[in-house]
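>>> Sequence and predicted structure below; questions after.
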Amino acid sequence: MTAAVILCCLAVPAMVVLAEQRWRWASAIGGVVLCYILGVALGFVFGHPPQAQSVAETAIPLAIPMLLFGVDARAWLKNSRVALASFGLAVASVCATGLMASHIFQIPGIAKMVGMLVGVYTGGTPNMMSVGLALEAPAETFVLLNAADMVLGVGYLVFLLTIGRWILSKVLRDPNAGNALNAEVAAHPKAFSWGGAVVSLLLAGVALGLSVGLAYAITGEASPIVIFLTLTTVGIAASFQPRIRNLESAPPTANYLILVFCFSIGIISDPVRLLSSPTTFIGLTATMLYGSFFLHLVLCKLFRIDVDTAIITSVAAIMGPAFVPPIAARLKHPDSLASGLTTGVVGYALGNYLGIAIGLFLA
């Protein structure tokens, strides 16, 4: 049974990747959504096998350092001062909104939920996953928070892709009037090779081994908090080595592992138990998403951040790097693409630290 579950957790996401490459409808739905749907469906059929929990708890710790290998921190910090300032304001807005939301929604598990949302809105979906694992949040909580995030995120993106810039330019200054984004970090799509994937996995395995060893040395057990914070630090440190930073197979391999996690967590989840109060998750997520966006705009006005920088760094923080290219194309501002992608990747690192810290503070 264990071998069959592991094989299923590895094979189905691989088929989803192939489906995205072959069929337009699969690409439109997205691999994450497809893996959730298939995982939940098979979970109901096979009775939520607990072996999938081990697969999920292994996939994300391996994916996190691979996502961080591509960070070029030196180049970005040197060339993107305005973007850095705006991204910092976006992160501060998310944290402040999370603290406020924890007082509005007095419900069990609010500390873990706010921590997970801080993770996702300063980084991305992998941060929600890793923060949830570190804070030992129930799998159902992740499924419903992620579903609420996807639903509400559509409205946020539609606004920015349509009339958002026109409206916000009435409040924030135009970049052509002063400082524009200045980023020289080139954004190139990463190619995949099996050899590179093996090297990436081996390096991620070393990072995971160091993290587990340090956790046992400090706490005497495999503390999730120590493991994930150490993984984040090791991943950033490794990115300073050019050979590691330029591993082209690391991002696609990490994305595959994220799909493995999504499918595995779907199998062990029983969202029906929490569907009796979905408005709680929708309300909390809406407060965090739209509240932090509004606060970020207010701060950008106070600090005289231009409209394009405000928009692209907000998308990088709230939605992650994957959503930066279409927004950058809409802005018709070429510099925004590099800054948005880079800040989004840096957000993967910040999301773990901030999400875990906020969750522990509120607890």
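Right, received. Where do you want to start?
>>> how far away is residue 339 from residue 59?
Taking CB to CB, to the nearest Å as the measure, residue 339 falls 30 Å from residue 59. C-beta coordinates here come from the backbone N, C-alpha and C atoms, glycine included.
>>> Those two: which has the busier surroundings?
Relative neighbour count places residue 339 above the other of residue 339 and residue 59, with 31 against 25, counting by other CB atoms under 10 Å.
>>> roughly how far apart are the more buried one and residue 347?
For residue 339, the distance to residue 347 under the criterion CB to CB works out to 12 Å.
>>> centre of the chain versus the top helix by length along the chain, how much separation?
When the chain is scanned for its longest helix (criterion: DSSP state H), the result is helix 334-362. Averaging C-alpha positions (CA atoms, centre = their mean, to the nearest Å) puts helix 334-362 8 Å from its chain's average.
>>> That one - contacts with which helices or strands?
helix 51-68, helix 73-79, helix 81-104, helix 110-122, helix 125-134, helix 224-239, helix 307-318, helix 324-331 (3 or more CB pairs under 8 Å, 6 or more residues apart in numbering; DSSP states H and E).
>>> okay, the angle between the third one and helix 307-318?
Angle between the axes of helix 81-104 and helix 307-318 is 50 degrees (criterion: axes from the mean of the first three to the mean of the last three CA atoms, to 10 degrees).
>>> now do the first one
Using the same axes, to 10 degrees, the interaxial angle of helix 51-68 with respect to helix 307-318 works out to 150 degrees.
>>> helices and strands around helix 51-68, which ones?
Helix 51-68 makes packing contacts with helix 2-22, helix 125-134, helix 194-219, helix 224-239, helix 250-268, helix 334-362 when contacts are defined by 3+ CB pairs under 8 Å, 6+ apart.
>>> Report the rounded mean pLDDT for that helix.
In this model, helix 51-68 has a mean pLDDT of 82.
>>> Next, count neighbours for residue 258.
Residues near residue 258, counting by other CB under 10 Å, number 24.
>>> Verify the stated contact: it with residue 128.
No - counting by CB atoms under 8 Å, residue 128 is not a contact partner of residue 258; they are 10.9 Å apart.
>>> Overlap of the contact sets of residue 339 and residue 347?
With CB atoms under 8 Å, 6 or more residues apart in numbering applied, the overlap between the contact sets of residue 339 and residue 347 consists of residue 316.
>>> What distance do you get for residue 328 to residue 9?
For residue 328 relative to residue 9 (CB to CB), the value is 35 Å.
>>> Repeat that for residue 107.
For residue 107, the distance to residue 9 equals 31 Å [CB to CB].
>>> Which one of these two is surrounded by more residues?
Applying other CB under 10 Å to residue 107 and residue 9 shows that residue 9 carries more neighbours, namely 28 against 13.
>>> My guess is the more buried one contacts residue 55. True?
Yes - with the criterion set as CB under 8 Å, residue 9 and residue 55 qualify as a contacting pair; they are 4.4 Å apart.
>>> joint contacts of the two?
Going by CB under 8 Å, 6+ apart, residues that sit against residue 9 and also against residue 55 are 260, 264.
>>> Test my guess that residue 196 contacts residue 244.
No - judged on CB under 8 Å, residue 196 makes no contact with residue 244 at a distance of 11.1 Å.
>>> Grab the most central residue of the protein for me.
residue 124 (1.3 Å; CA atoms, centre = their mean).
>>> least trustworthy helix or strand in this protein by mean pLDDT?
Taking mean pLDDT, DSSP states H and E as the measure, the chain has helix 73-79 as its least confident helix or strand, at a mean of 60.
>>> just for this structure, where's the confidence low?
Counting by pLDDT under 70, the chain contains low-confidence residues at 1, 71-79, 175-191, 270-278, 322, 325, 329, 332-335, 337-338.
>>> can you rerun that using 50?
177-189 (pLDDT under 50).
>>> Buried residues, stretch 13-32. List them.
Of the residues in stretch 13-32, those with enough neighbours to count as buried (16 or more other CB atoms under 10 Å) are 13, 16, 17, 20, 26, 31, 32.
>>> go on, stretch 301-313?
For stretch 301-313, the buried set under the neighbour-count rule, 16+ other CB under 10 Å, comprises 305, 306, 307, 308, 309, 310, 311, 312, 313.
>>> ends of it, how far apart?
End-to-end span of stretch 301-313 (CA to CA, to the nearest Å): 14 Å.
>>> Ok, stretch 321-341 next?
With CA to CA as the measure, stretch 321-341 spans 5 Å from end to end.
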